[in-house]
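J.: Just to be clear, the model below is a prediction. Sequence and coordinates:
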4 protein chains.
Amino acid sequence: MSLEQARGVYVIAPTPFHPDGRVDVESTDRMTDFFLAAGATGITVLGQLGEAPKLEHDEALDVARRVIRRATVPVVVGVSAPGFAAMRSLARAVMDVGAAGVMIAPPNSLRTDDQIAGYYRQAADAIGDIPFVLQDYPLTFSVVMTPAVIRRIVDENPACRMLKHEDWPGLEKISTLRAYEREGSMRHISILCGNGGLFLDFELERGADGAMTGYCFPDLLVDVVRLTESGARDQAHDLFDAHLPLIRYEQQPGVGLAVRKYVLMRRGILASDAQRKPGAALTAAARAEVDFLLSRIARSDVRAALS
Amino acid sequence: MSLEQARGVYVIAPTPFHPDGRVDVESTDRMTDFFLAAGATGITVLGQLGEAPKLEHDEALDVARRVIRRATVPVVVGVSAPGFAAMRSLARAVMDVGAAGVMIAPPNSLRTDDQIAGYYRQAADAIGDIPFVLQDYPLTFSVVMTPAVIRRIVDENPACRMLKHEDWPGLEKISTLRAYEREGSMRHISILCGNGGLFLDFELERGADGAMTGYCFPDLLVDVVRLTESGARDQAHDLFDAHLPLIRYEQQPGVGLAVRKYVLMRRGILASDAQRKPGAALTAAARAEVDFLLSRIARSDVRAALS
Amino acid sequence: MSLEQARGVYVIAPTPFHPDGRVDVESTDRMTDFFLAAGATGITVLGQLGEAPKLEHDEALDVARRVIRRATVPVVVGVSAPGFAAMRSLARAVMDVGAAGVMIAPPNSLRTDDQIAGYYRQAADAIGDIPFVLQDYPLTFSVVMTPAVIRRIVDENPACRMLKHEDWPGLEKISTLRAYEREGSMRHISILCGNGGLFLDFELERGADGAMTGYCFPDLLVDVVRLTESGARDQAHDLFDAHLPLIRYEQQPGVGLAVRKYVLMRRGILASDAQRKPGAALTAAARAEVDFLLSRIARSDVRAALS
Amino acid sequence: MSLEQARGVYVIAPTPFHPDGRVDVESTDRMTDFFLAAGATGITVLGQLGEAPKLEHDEALDVARRVIRRATVPVVVGVSAPGFAAMRSLARAVMDVGAAGVMIAPPNSLRTDDQIAGYYRQAADAIGDIPFVLQDYPLTFSVVMTPAVIRRIVDENPACRMLKHEDWPGLEKISTLRAYEREGSMRHISILCGNGGLFLDFELERGADGAMTGYCFPDLLVDVVRLTESGARDQAHDLFDAHLPLIRYEQQPGVGLAVRKYVLMRRGILASDAQRKPGAALTAAARAEVDFLLSRIARSDVRAALS
């Protein structure tokens, strides 16, 4: 299946580490299995929250290869780099081991519409025909893309197959892109949403195909997508709302990854919540807050089961 | 009562306009009364979401005066300006009509710790002994203040009485500032939290004194503060969580004010949700989403009443 | 004469102060006379280096009025403001006292082409039919305008009559804009160059109409424009190059105004080089460096006179 | 000799390419020889203007190795990277082949003093005891370091041996750092200046030890340093001023490298002025301007020889 037809949840995978900093391959396998069991339709490795810059080139490739070989769903690999040489080199290597495509974020020096479109033409030229995901995340990258610029990138680059949408606010952008598609001014691409899932409820209703984010309950994301697709609007929102306090808590810049790894450890998926240095650890107060939020989610599950 | 002892909710007031762009004084009065009835312990006018830059100097002063005269609680007035002349001029004028203090945001050219501290010394020097609120909002102003810099500003400026805390993430910052206070390295100031209330539940538990934000249900903010202070933790979170989907929806940069005014109009407080030009209107889809969220809040209120 | 036909040198005027912070009206008059005697074809007041944000509204208007009444050339007034209310108010006031037009810089929140063009439509709408100068200064404002965006602003706003060009690098931009004009895709506007004059030699050769900057020897700018227009290329460059060490020294962000005022004081035009607080003073080392550069300019003048 | 004692000119080397994009090793050798003959006391490869991000890891290492083996002076290698893994990997590799040290620029996400100091502690920790050059270039990296922060980095990291100073304005910063040294609050490090040499004349007089920049006449930089050191102030400035028009022209962001390579080609050092894609070529107009500036420099040399 081609990436532009992708629907559902592409889970952003963290990179599991041992407390001493080595990549934890057992946890990587367990995590991959967990994502599949949770209903993921794809997996994304080496993204923003995958600690990719802390990995040597060979380590990064090993992580990607391991997940790709184990997964039965498409795997997208983040290849953003300060230069096209490193981008091309990693992109080719991961495609060789079976990746479904790569993801490219814009460098934060881009300002004008022409600069943004030009960058993606150069990147596509550098990596060849490899299918790529356009990442639109102004909060982190300081690059603002209008819907018209996204359309231009899609139009100029046949290899652009998917948008990782995480503009904020971003609901109208989804509506505009889908309107372009309906009016025939833009070909179809898959739109999967990031931003930690903070607006996933409405993003789906606006026309997004699913989520690409790493919220520590990917099973919840899968359920929300499924319920929304099946028209069970209130149930989808009930479920989403029960998790929103934690989704919101996880979506704190610079803290989110620690929360995510901590919960995945508590859920028995990662052996450790260690980040490779330099990384921010949760304080005792923050851990207690996450524990409290988890206990409230558990209670709401019980309530839902009883109702 | 002095500002550094402030607790509770200082509501950030929008400026009501008629559809033709004139300031709507009747709505301003009704809004002021509503805030008081909701339990506000203070009101802040001409803040970031008060459309202050669209007001002529005399209009701004009229709005401030009208709210100050009607309110029975302290009123803080935003006086951020590109230069100290305009800041001083407005600060003096609003103090003359009875403001309790002013609020000062940092200009986005500041980078180093010394530049930030220097700016507040100059500002305090420019406006004289007027009590001021330090606004710490990196997402909007691109100025990052460490806890140590905030302590330095408090130390160097006796007139600094309150922090409008809206860093993101910001929970550890509150804990650090309160630890400074306990260890005796910083005098007490009031900490009221903004960011649309998105983290108010835990901010209060970390030691904040309350909220300074304009969420369209200030009554909810008041209840959350009251329940938290009384130790009813689960009830506080239950209430907060019921509103979180809308809090989250309102906290969209550039869209939030339109949501806020729309809900205040629907609640009968504003005659119109008009913004003075240039302003962003809600699309039909966005209005429907807000309506949906309001219907869910209403239902949760019913559930709560029945339980 | 309409602004779009402007040629020559519009001197950016500093605002003269007494050491105690009062506006120095005698120096303001002397400075105006000096600019006229130096051959200025226009004067710009309340620009970036005019300390406008430190002036109360009435003071600003007084300064503008005083220069306008005394000058026999068109006077442009900077009206950039965080909101359209203040911009409109000042723009109307200065036009009432005889300004030839106003200058508008973009707020640094603008990113996309559409945002930039939209801002200028709104600004033009706010101030009415008042002729305005578009200021393009990415280094200071962090707003990057492509030539196509400038053309769009010119096209959408008949009141846009002049470009204050200070992009860096900017030579190709001038060539592109003039090519638009030749091919008929953009109407003629005047292009006057800022950036302290650092590239004036080649900017004129690329098609600029002159300078709009406040280099402390406006007489030199006038001579360079005149020599270039008359085809005396080597003489123009000889003269320009003799001043380039000081032009370069003056063009230091945050320091430049102190250099400029110091030299104008040494030349007998300003009674004091004081800036209103907060302002950066020259260190003794910096003053000695400027003195040294002045002595070398004086010597080169002697050499030129003898040759 | 240790890097902290370095004086003179460390030339920033461009990476020579053939028109088809391959690294041009013959030109690399010729360039290295030219720098040595010109009097360079050091060479810096893979810096900002060395097109490093366009090189594969092995290519980058090859370029560094080739220059290191041929050079009889210390070679510094730029190792800035988005993550510490890539930084460490390249740093170790180039030290193994004989580099004298590495250069580290700050990532543009750093804002507060603590963040900046923390980053350099982490970087030093990541690369081990390898001597490093601290690059202070706010214009490009958007990171502003006060003198006190630089002192803190020097104090906290024994491996920090040199400052590549290219703040703008930056003269007072040099004076402050040297005053720290005189008062005993900071150990001595070498200060070499970048910024294309635009302020080299005064930077040397303020206490800098020399230049680290790639101006297309490194021989001129060597002469200016030598004349200044010998006390021939006027001669130093005469020489510097003769080149200032071209120094200024070369110091245009994004255009500078094309100018530099073009002149080095015209001087017979590079076989081609090609940049690897994506790269900006000079327009015909720009080439003609550079040619004109070269002809004026040649004439001034003749004048100097005759005088």
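T.: In hand now; what should we look at? No experiment lies behind these values; they were computed from the predicted model shown.
J.: where exactly do the helices run in the stretch 1-150 of chain A?
T.: A:25-38, A:57-70, A:84-96, A:113-127, A:138-141, A:147-156 (DSSP state H, counting those that start in this stretch).
J.: which other helices and strands contact the fourth one?
T.: Applying 3 or more Cβ pairs under 8 Å, 6 or more residues apart in numbering or on different chains; DSSP states H and E, one finds that helix A:113-127 makes contact with helix A:84-96, strand A:101-104, strand A:132-136, helix A:147-156. All C-beta atoms are positioned from the backbone trio N, CA, C, and that covers glycine.
J.: Okay, buried residues for that helix please.
T.: For helix A:113-127, the neighbour count (16 or more other Cβ atoms under 10 Å in any protein chain shown) marks A:D113, A:D114, A:Q115, A:I116, A:A117, A:Y119, A:Y120, A:A123, A:A124, A:A126, A:I127 as buried.
J.: got those residues as a markdown table, with distance to C:T72 and pLDDT columns?
T.: What follows is those, written out as a markdown table (distance: Cβ to Cβ, whole Å; pLDDT from 0 to 100):
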| residue | distance to C:T72 | pLDDT |
| --- | --- | --- |
| A:D113 | 44 | 97 |
| A:D114 | 43 | 97 |
| A:Q115 | 44 | 97 |
| A:I116 | 47 | 98 |
| A:A117 | 49 | 98 |
| A:Y119 | 50 | 97 |
| A:Y120 | 54 | 98 |
| A:A123 | 56 | 97 |
| A:A124 | 58 | 97 |
| A:A126 | 59 | 95 |
| A:I127 | 63 | 96 |
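J.: from those residues, which single one is nearest chain C?
T.: Each of the buried residues of helix A:113-127 was checked against chain C using Cβ to the nearest Cβ; the closest is A:D113, at 4.5 Å.
J.: isn't the closest one right up against C:D113?
T.: Yes - counting by Cβ atoms under 8 Å, C:D113 is a contact partner of A:D113 at 4.5 Å.
J.: how deep is the nearest residue to A:M87 once chain neighbours are set aside tucked in, by neighbour count?
T.: In space, and not counting its chain neighbours, A:M87 is closest to A:A81: 4.3 Å by Cβ to Cβ, 6 or more residues apart in numbering or on different chains. Close neighbours of A:A81, defined as other Cβ atoms under 10 Å in any protein chain shown, add up to 24.
J.: swap in A:E156?
T.: 13.
J.: Repeat that for the one 4 residues further on.
T.: When neighbours are counted by other Cβ under 10 Å, A:C160 registers 24.
J.: for A:G254, same thing?
T.: 11.
J.: Check the gap between it and C:E250 for me.
T.: Per Cβ to Cβ, to the nearest Å, A:G254 is found 41 Å from C:E250.
J.: And for A:V11?
T.: 57 Å.
J.: quick one: which of the two has more around it?
T.: Neighbour tally, A:V11 and C:E250, criterion other Cβ under 10 Å: the higher count belongs to A:V11, 29 against 26.
J.: Was I right to think the more buried one contacts A:G214?
T.: Yes - A:V11 is within contact range of A:G214, at 6.1 Å (criterion: Cβ under 8 Å).
J.: contacting residues for the one residue in the stretch 151-300 of chain A that gets nearest to chain C?
T.: As assessed by Cβ to the nearest Cβ, chain C sits closest to A:R152 within the stretch 151-300 of chain A, at 11.2 Å. By Cβ atoms under 8 Å, 6 or more residues apart in numbering or on different chains, the contact set of A:R152 is A:D113, A:A117.
J.: Can you pull the residues of chain A lying near chain C?
T.: Along chain A, the residues adjacent to chain C under the rule Cβ under 8 Å from any Cβ of the partner chain are A:R111, A:T112, A:D113, A:D114, A:Q115, A:V144, A:M145, A:T146, A:A148, A:V149.
J.: For chain A, just list every one of the strands.
T.: A:8-12, A:42-45, A:75-78, A:101-104, A:132-136, A:160-165, A:190-193, A:210-213 (DSSP state E).
J.: would you turn the ones you listed into TSV with mean pLDDT?
T.: Below are those laid out as TSV (pLDDT from 0 to 100):
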stretch	mean pLDDT
strand A:8-12	98
strand A:42-45	98
strand A:75-78	98
strand A:101-104	98
strand A:132-136	98
strand A:160-165	98
strand A:190-193	98
strand A:210-213	98
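J.: So for chain D, which of those strands sits nearest?
T.: Across these, closest to chain D is strand A:75-78 (Cβ to the nearest Cβ), at 11.7 Å.
J.: Check the offset of the closest one from the chain's centre.
T.: Offset of strand A:75-78 from its chain centre (Cα atoms, centre = their mean, to the nearest Å): 9 Å.
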